[in-house]
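Participant: prediction below, plus the sequence it came from.
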Amino acid sequence: SIVPLDRRGEYEEKIYSDFSEFLNSKRKKIIIHSGDLFESPFVSNEVLIKVYDLLTNYLYLENEYYFIAGNHDLSKDETKQKYSSFHVLSELMKGYENVHFVEDNAVVVRDKIMLVPYNHFKNVEEVISEKMNENIDCVIGHFDDPVPQSLCSFNKLKLSGHIHKRHTAFDGTLFIGSFY
């Protein structure tokens with residue numbers, strides 16, 4: 001979607017403000033952002049630096065941070081995908097062992113939580129195929145509504161950040177919505 005010029009940066013400013021307030025509230029053990037950290041694959045350097053500064057100011061060593069790539073975080077042009085602002089931020093944060101960016105394939109956290117990024121070039125089945133197992137208690141991702149068939153039969157907790165309006169899908173998936 002194209003954001004009008006007079007509204008560019010509003011989404012990121014609201015996310016920045018709410019995330020900063022959340023991080024100030026108290027220390028957590030694990031923080032998972034379910035996608036669309038940015039409204040566009042390519043944001044200004046000013047926005048990127050502001051997010052980087054926010055993250056580096058709140059990186060408590062006892063917390064783990066996971067950022068799942070959303071559809072707005074990634075370029076649809078396969079040749080430029082690795083240069084999206086989300087990817088640049090992930091490269092900048094590589095020195096922090098407790099910060100993780102989930103960009104291409106699903107990852108499993110603490111043996112029970114599967115994190116599923118959006119991927120413009122693979123379907124959900126390809127993204128999760130090697131990670132789904134009986135130990136998974138929760139799937140958190142950035143997937144569509146209707147929920148992909150491969151996840152419909154998963155009868156445990158499913159959360160998605162893809163749809164910005166909070167609602168529950170027919171199969172019980174909770175679309176958690178966004179701050180914006």
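Facilitator: That came in fine, so what should we check first? Residues are numbered from 1 along each chain as shown.
Participant: the strands in this structure, which residues?
Facilitator: 30-33, 64-68, 99-102, 107-109, 113-116, 138-141, 157-160, 167-168, 174-175 (DSSP state E).
Participant: compare those strands and give me the one nearest residue 87.
Facilitator: strand 99-102 (7.9 Å; CB to CB). From N, CA and C alone the C-beta is placed, and that goes for glycine too.
Participant: how about the closest one: buried residues?
Facilitator: Across strand 99-102, burial judged by 16 or more other CB atoms under 10 Å covers 99-102.
Participant: what helices or strands is that strand leaning on?
Facilitator: strand 64-68, helix 85-92 (3 or more CB pairs under 8 Å, 6 or more residues apart in numbering; DSSP states H and E).
Participant: output the lowest mean pLDDT helix or strand found in this protein.
Facilitator: Across the helices and strands of the chain, mean confidence by mean pLDDT, DSSP states H and E is lowest for helix 10-25: a mean of 75.
Participant: any stretches of the chain with poor pLDDT?
Facilitator: In the predicted model, the chain carries pLDDT under 70 at residues 1-3, 26-28, 60-61, 80-82, 178-180.
Participant: the same query, at a cut-off of 80, please.
Facilitator: 1-16, 18-28, 58-62, 77-82, 145-146, 150, 152-153, 164, 177-180 (pLDDT under 80).
Participant: ramachandran coordinates for the closest residue to residue 29 other than its chain neighbours?
Facilitator: By the measure of CB to CB, 6 or more residues apart in numbering, the closest residue to residue 29 outside its immediate chain neighbours is residue 63, 6.2 Å from it. Torsion angles at residue 63 (phi, psi; degrees, to the nearest 10) stand at phi -100, psi 150.
Participant: for residue 91, see how far away residue 12 is.
Facilitator: In this structure, residue 12 lies at 19 Å from residue 91, with CB to CB, to the nearest Å as the measure.
Participant: and the two? Which one has more around it.
Facilitator: Neighbours per residue, other CB atoms under 10 Å: of residue 12 and residue 91, the larger number sits with residue 12, 22 against 12.
Participant: show me the contacts for that one.
Facilitator: Contact analysis of residue 12 by CB atoms under 8 Å, 6 or more residues apart in numbering lists 38-39, 43, 47, 50-51.
Participant: a markdown table for the strands of the chain, including distance to residue 17?
Facilitator: Converted to a markdown table, the strands of the chain look like this (distance: least, CB to CB, whole Å):
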| stretch | distance to residue 17 |
| --- | --- |
| strand 30-33 | 15 |
| strand 64-68 | 17 |
| strand 99-102 | 20 |
| strand 107-109 | 27 |
| strand 113-116 | 25 |
| strand 138-141 | 23 |
| strand 157-160 | 23 |
| strand 167-168 | 24 |
| strand 174-175 | 22 |
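Participant: that's all I had, so thanks and see you.
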